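Novice: here's my sequence, what's the structure:
(one chain, ligands or ions: 2)
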Amino acid sequence: MDDPPPRHPAPSRLGRPPGERLPGPKTNVCSRSYFVVVMVFFHVYIINVIVLLLYVHYSSGQEDSRPDSPRHAPTSDKQNAQSPRPPSKAPLPRHIFLPRIEGIRVGHVQKLSLVPGKVHEMRTLSLKPLLFEIPGFLSEDECRIVMQLAQLKGLMESQLMVQDGQEELAKELSLSPEEIFNLLDINQDGQLQLHEVYVTVWIVNATSPTECLRTALINSSFLLPFSDTDSLASEGWSQLVRNSRHTWLYQGKGAHQVLQDIKTRVTRLTRLPSKLVDLSEPLQVVRYEQGGHYHAHHDSGPFYPETACTHTRLAANASTPFETSCRYITVLFYLNSVDGGGETAFPVADNRTFDENDVDLMDTRRNCDKSNLRVKPTKGKAVFWYNYLSDGKGWVGEQDEYALHGGCVVTHGTKWVANKWINIDPDYQRQARFEQLVSHQSEDEDDEDLTVNSDIHQEL
Ligand SMILES: O=C(O)CCC(=O)C(=O)O
Ligand SMILES: [Fe+2]
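Specialist: Numbering: from 1, shown residues only. Ligands and ions are numbered 1, 2, ... in the order given. Just a heads-up that it's a prediction; the model follows:
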């Protein structure tokens, strides 16, 4: 009998030496399927990565191909601000730095090229305020046309004056001081402002002389330039802030060419962006008869965080208790040469004799000769000054106290002047939003030149 074939020992974990592989066929199947699975996963992974990369590439490529893509054409802040966008609350980028003309020193003369074929000379009159004069800024014809246009439009009384029968009415009604006060407190702020006070004077005189006014003074903290109430009772014209007539002339598209030319020249003179000049108040034309005057004043008030500017008020979207015109620059044109008096006085220019208590300096009927600086009205001459200082960062800063000025009494003849005020909000964001809003409106209203200030100017 054959011996039975030798049998492999039964696989036994215990009996296998360490490191010995598992029997043949079973080992082969496991490693192959494992390899296949791994390879499938690997390929799927690679394909995913490739697809992802292709997606990223093509999607960014499409963005790049847009004409306004930043990668193709980097847009400046200025372009961004000009492109039509709905007004947003996010702070707008600062892209305008207002140029300010340097005065160098009093008497310094700079040559200007404002109109083709003519050179103007600009002389520094004072550094505080920064004040210049430019003889012959307007031609004789331009002066004549502006005066004629103003006459055609009609001039109105610059300050309310006592009307016929007003005194009798006041007597008949025999109002109490409080009633008079409340009647005259036009904006109902519990105070009487300067323009309200001068109306008060007439009615008070007609009822219970200065008693009424004293009550008003005690009940409120309004500013009175002449504190002597007895003289208020006895004086006439001198008590009016101003004694003149005025009108406004629109200077936008469609206006008389002379008015548009003046606006262009003012833009060149001040070197400000034309948009700022375009959006400013229209030209104000003023006529003083013999005996007319304008007591010393500021064309624009001081600026506090809660102060609103008249021109940006509508865009500011907030109601504020104080409002002023925010007239950054005044350009004053003399439209005729005055026979006697009528100088423009700058009582405290360059601070040579400034005494804060000397309130009489405000009185241009009596004390013009005490002013530090007086400019003689000569046909065609322009003077211009900054009513606000710079904030040191290229924008409008605080009010310049030295910009106090007034029109001396006209002793002979008449006096014609025109004012071009350039309105800028010291709050940059408000000015920028206002410009944004106006450019949207002008787009909507198609090519109409918006001079939004034309019916919202206020008397100061
Ligand atoms: O008449 C003048 O000389 C000055 C006028 C003026 O200050 C004004 O109109 O605001
Ligand atoms: Fe003024």
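Novice: let me know how buried Glu178 is, in neighbour terms.
Specialist: Glu178: 12 surrounding residues under other Cβ atoms under 10 Å. Heads up, the C-betas are built off the backbone N, CA and C, glycines and all.
Novice: got a pLDDT number for it?
Specialist: Note for Glu178: predicted pLDDT of 76.
Novice: what do you get for Pro305?
Specialist: With respect to pLDDT, Pro305 has a value of 80.
Novice: quick one: which helix or strand includes it?
Specialist: If you go by DSSP states H and E, Pro305 is not part of any helix or strand.
Novice: what strand or helix carries the closest residue in space to Ser371 that isn't next to it in sequence?
Specialist: Nearest residue to Ser371, sequence neighbours excluded (Cβ to Cβ, 6 or more residues apart in numbering): Ala345, at 3.8 Å. Ala345 is part of strand 344-346 when elements are defined by DSSP H and E.
Novice: kindly report the same for Leu169.
Specialist: With elements taken from DSSP H and E, the one containing Leu169 is helix 166-173.
Novice: and the next helix or strand after that helix, what's buried?
Specialist: Following helix 166-173 in sequence order, the next helix or strand is helix 177-184 (DSSP H and E). For helix 177-184, the neighbour count (16 or more other Cβ atoms under 10 Å) marks 177, 180-181, 184 as buried.
Novice: show me the two of those that sit farthest apart.
Specialist: Spanning the widest gap among the buried residues of helix 177-184 are Pro177 and Leu184, at 10.7 Å by Cβ to Cβ.
Novice: what helix or strand is Ile145 on?
Specialist: In this structure, Ile145 is located in helix 140-153 according to DSSP H and E.
Novice: who's in contact with that helix?
Specialist: Outside helix 140-153, the residues that touch it by Cβ atoms under 8 Å, 6 or more residues apart in numbering are 138, 247-249, 256, 258-259, 261-262, 283, 285, 287, 333, 335-336, 379-380, 416, 418.
Novice: same thing but at 10 Å, please
Specialist: Residues outside helix 140-153 that contact it (Cβ atoms under 10 Å, 6 or more residues apart in numbering): 137-139, 245-250, 255-259, 261-262, 265, 283-287, 333-337, 379-381, 414, 416, 418.
Novice: quick check, the residue in this protein closest to ligand 1?
Specialist: For the chain, the residue positioned closest to ligand 1 under Cβ to the nearest ligand atom is Gly407, at a distance of 2.9 Å.
Novice: can you tell me how far that residue is from Val119?
Specialist: Separation of Gly407 from Val119 (Cβ to Cβ, to the nearest Å): 30 Å.
Novice: over to Tyr304?
Specialist: Distance from Tyr304 to Val119, by Cβ to Cβ: 42 Å.
Novice: of the two, which one has the most company?
Specialist: Tyr304 (12 against 9).
Novice: contact partners for the nearest residue in space to Ala255 that is not next to it in sequence?
Specialist: Leaving aside its chain neighbours, Ala255 sits nearest to Leu249 (7.3 Å; criterion: Cβ to Cβ, 6+ apart). If a contact means Cβ under 10 Å, 6+ apart, then Leu249 has 146, 149-150, 152-153, 255-256, 258-259, 262, 282-285, 418, 454 as its contacts.
Novice: separation between Leu249 and Glu398?
Specialist: If you go by Cβ to Cβ, the gap between Leu249 and Glu398 works out to 31 Å.
Novice: going along the chain, name the helices of this structure.
Specialist: Ranges of helices within the chain are 24-64, 77-82, 140-153, 166-173, 177-184, 194-206, 209-219, 229-234, 257-270, 274-278, 313-316, 428-444, based on DSSP state H.
Novice: which of the ones you listed comes out lowest on mean pLDDT?
Specialist: Among the helices of the chain, helix 77-82 has the lowest mean pLDDT, at a mean of 38.
Novice: tell me where the stretch 351-460 of the chain has strands.
Specialist: Under the criterion DSSP state E, counting those that start in this stretch, strands of the stretch 351-460 of the chain are mapped to 373-375, 382-386, 388-390, 396-399, 405-407, 410-412, 415-423.
Novice: elements contacting the fourth one?
Specialist: Yep, that's strand 396-399 we're talking about. Packing partners of strand 396-399 (3 or more Cβ pairs under 10 Å, 6 or more residues apart in numbering; DSSP states H and E): strand 388-390.
Novice: which other helices and strands contact the strand it packs on?
Specialist: For strand 388-390, the packing partners by 3+ Cβ pairs under 10 Å, 6+ apart come out as strand 327-334, strand 396-399.
Novice: now those strands as a markdown table including distance to ligand 1?
Specialist: Compiled in a markdown table, the helices and strands packed on strand 388-390 are given as follows (distance: least, Cβ to the nearest ligand atom, whole Å):
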| stretch | distance to ligand 1 |
| --- | --- |
| strand 327-334 | 6 |
| strand 396-399 | 15 |
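Novice: so which of those strands is the most surrounded?
Specialist: Ranked by mean neighbour count, those are led by strand 327-334 with a mean of 25 (mean count of other Cβ atoms under 10 Å).
Novice: gap between the two ends of stretch 102-113?
Specialist: 16 Å (Cα to Cα, to the nearest Å).
Novice: with stretch 383-398 instead?
Specialist: 21 Å.
Novice: with stretch 385-393 instead?
Specialist: So stretch 385-393: terminal residues 19 Å apart, Cα to Cα.
Novice: try stretch 100-120
Specialist: 18 Å.
Novice: looking at that stretch now, give me its mean pLDDT.
Specialist: If you average the pLDDT over stretch 100-120, you get 97.
Novice: what lies in contact with that stretch?
Specialist: Residues outside stretch 100-120 that contact it (Cβ under 10 Å, 6+ apart) are 121-132, 134-137, 139, 261, 264-272, 328-329, 349-350, 373, 382, 384-386, 389-390, 394, 396.
Novice: give me the buried stretch members for it, please.
Specialist: Buried residues in stretch 100-120, defined by neighbour count with 16+ other Cβ under 10 Å: 100-101, 103, 112, 114, 120.
Novice: cool, stretch 239-255 as well?
Specialist: Across stretch 239-255, burial judged by 16+ other Cβ under 10 Å covers 239-252, 255.
Novice: that stretch and ligand 1, any residue contact?
Specialist: No: legend: contact between stretch 239-255 and ligand 1 by Cβ under 6 Å from any ligand atom is lacking; minimum distance shown is 7.5 Å.
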